[in-house]
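In: Below: sequence and its predicted model.
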Amino acid sequence: MITKNLCLSLLIGCWLLLFSTSKAQSNNPLDVAFGDPFVLYDEETDAYYMYGTGGVENGFVAYSSKDLKKWENRGTVYTAQQDKSWGTKDFWAPEVYKRGGKYYLFYSAHWKENPNDELENYRIGIATSTNPTGPFIDLTGRPLFDPGYPIIDGNVYFAEDGRLYLYYSRCCYKNPVQSEIAAWAKQQGMFDEIEESWIYGVELASDFSHVIGEPKLLLRPPVSRDDKQSEWESRSVTSGEVNRRWTEGSYLFKHNNLYYMMYSANHFGGENYAVGYATASHPLGPFEKSATNPILQKNISNGGIVSGTGHNSLLRDKEGKVWCVYHARTTKTGSQRLVFLDELKILPNGQLIVDGPTVKP
């Protein structure tokens with residue numbers, strides 16, 4: 001039986017039926033140095049547990065909180081120093097789901113089976129524990145599956161009919177794409193080619209043992225410069241930062257029979273990292289990007305101190321408020337990625353709004 005902790009995607013439509021006009025209270029940035037943050041509320045312990053990239057080499061740590069403001073470091077919850085480990089480095093983007101009394105950790109890492117010595121040999125794996133603070137032990141000693149190209153940022157959606165869907169990002173690595181942006185960058189003498197990352201979706205077996213069918217391409221950067229999404233999704237290229245365009249960090253939920261996929265674009269290490277969303281009538285699309293994108297981005301251009309806002313997840317707290325959980329940087333804290341929580345709202349017309357980025361007064 002799926003617990004309420006696993007039903008975020010199933011219940012989010014109920015949380016957001018009413019549009020709140022009050023401003024969420026901010027405690028940003030949190031004193032948690034994570035990238036790619038994910039928060040689980042566990043009813044059994046009546047506590048929130050946060051997981052993310054960073055905090056320990058070749059593994060993951062967790063933080064816990066009773067009020068989403070004060071967070072306690074609970075130490076290492078997963079380490080590659082175990083018999084079933086298949087990853088060697090770059091342990092990224094953990095997400096934890098509870099099912100049948102157990103906790104399942106989905107994560108990305110560099111796969112040790114690398115006969116061609118690829119620089120980016122990332123796959124997605126699963127580890128399990130009977131406690132939200134671990135220890136998490138790998139299920140099989142291998143990645144969940146091998147699509148033949150590097151993948152990161154696994155996210156799972158639990159549908160009402162019992163089906164499970166896995167979403168992930170194909171890495172930019174060795175994925176050069178022809179587009180008007182790529183042609184423009186080459187004409188400007190900036191880059192010879194532009195690599196891109198794309199978001200895919202695929203059905204997942206109910207026991208997490210394998211994927212079902214072939215992955216389906218769901219989101220990618222715009223091909224045309226006239227596309228309304230092209231400007232904000234290409235800023236890492238047009239600023240001369242790097243020869244890559246990203247579509248990554250996906251997070252899926254449902255509201256009013258519409259599927260929302262939130263995603264991040266641009267370089268995670270730069271100031272232009274930002275969040276947009278797309279909608280569809282089916283978990284595997286086709287998805288249409290919102291004309292209001294990006295819905296979360298830097299504010300340093302407008303006198304603020306926050307940049308690099310991205311790779312979000314969602315959390316419904318005990319009071320029913322829905323939070324967008326993401327990482328960002330500030331001019332006061334430097335290059336370190338820190339966790340932010342800002343309220344997510346859905347307007348009556350279905351439009352998503354994130355009240356952020358905010359910082360504590």
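Out: Now that the structure is in, tell me what you want to look at. Residues are numbered from 1 along each chain as shown.
In: switch to C-alpha atoms for all contacts and neighbour counts from now on
Out: Noted.
In: all helices of the stretch 201-350 of the chain, in order?
Out: With helices called from DSSP state H, counting those that start in this stretch, the stretch 201-350 of the chain shows them at 230-233, 235-238.
In: Can you list the buried residues in the first one?
Out: So that's helix 230-233. Using 16 or more other CA atoms under 10 Å as the test for burial, helix 230-233 gives 230, 232, 233.
In: Centre of the protein to the edge, which residue is at the far end?
Out: Distance from the C-alpha centroid of the chain peaks at residue 187, with 33.3 Å (CA atoms, centre = their mean).
In: can you tell me how far it sits from residue 180?
Out: Distance, residue 187 to residue 180, by CA to CA, to the nearest Å: 10 Å.
In: now swap in residue 140 and tell me
Out: Taking CA to CA, one finds residue 140 at 43 Å from residue 180.
In: now swap in residue 285 and tell me
Out: Per CA to CA, residue 285 is found 25 Å from residue 180.
In: Excluding covalently adjacent residues, which one is nearest to residue 257?
Out: The shortest distance from residue 257 to any residue other than its chain neighbours is 6.9 Å, reached at residue 281 (CA to CA, 6 or more residues apart in numbering).
In: tell me, how many neighbours does that neighbour end up with?
Out: For residue 281, the neighbour count with other CA atoms under 10 Å is 14.
In: I'd guessed it sits against residue 260; true?
Out: No: using CA atoms under 8 Å, residue 281 and residue 260 do not qualify as a contacting pair, with a distance of 9.1 Å.
In: bridging residues for residue 216?
Out: On the basis of DSSP bridges, residue 216 is bridged to residue 201.
In: Find me the pLDDT at it, would you?
Out: We have a pLDDT of 98 for residue 216.
In: How about the contacts made by it?
Out: 200, 201, 202, 284 (CA atoms under 8 Å, 6 or more residues apart in numbering).
In: And residue 216, how far from residue 165?
Out: Taken as CA to CA, the span from residue 216 to residue 165 is 11 Å.
In: Could you name every residue contacting both of these two?
Out: Residues touching both residue 216 and residue 165 (CA under 8 Å, 6+ apart): 201, 202.
In: Out of the helices and strands in the protein, which is least certain?
Out: helix 8-15 (a mean of 47; mean pLDDT, DSSP states H and E).
In: got the contact list for the next helix or strand after that one?
Out: Next helix or strand after helix 8-15 toward the C-terminus (DSSP states H and E): strand 35-42. With CA under 8 Å, 6+ apart as the test, strand 35-42 has contacts from 5, 47-54, 92-97, 249, 310-315, 317, 325-328, 337-339.
In: Please identify the buried residues of strand 35-42?
Out: 35, 36, 37, 38, 39, 40, 41, 42.
In: which pair in these spans the largest distance?
Out: 35 and 42 (21.4 Å; CA to CA).
In: pLDDT below threshold where in the protein?
Out: Flagging of the chain using pLDDT under 70 yields the residue ranges 1-26, 361.
In: how big is the angle separating the longest strand anywhere in it from strand 35-42?
Out: When every strand of the chain is counted residue by residue (DSSP state E), the longest turns out to be strand 334-346. On the basis of axes from the mean of the first three to the mean of the last three CA atoms, to 10 degrees, strand 334-346 is oriented at 50 degrees to strand 35-42.
In: Tell me which other helices or strands strand 334-346 touches.
Out: If contacts are counted by 3 or more CA pairs under 8 Å, 6 or more residues apart in numbering; DSSP states H and E, strand 334-346 sits against strand 35-42, strand 322-330, strand 352-354.
In: moving C-terminal of the first one, what's the next helix or strand?
Out: Translated: strand 35-42. For strand 35-42, the following helix or strand on the C-terminal side (DSSP H and E) is strand 47-53.
In: relative orientation of that following strand and strand 334-346 in degrees?
Out: Angle between the axes of strand 47-53 and strand 334-346 is 130 degrees (criterion: the same axes, to 10 degrees).
In: any idea how far residue 268 is from the residue lying closest to residue 104 once chain neighbours are set aside?
Out: Nearest non-adjacent residue to residue 104, counting by CA to CA, 6+ apart: residue 128, 4.6 Å away. Distance from residue 128 to residue 268, counting by CA to CA: 28 Å.
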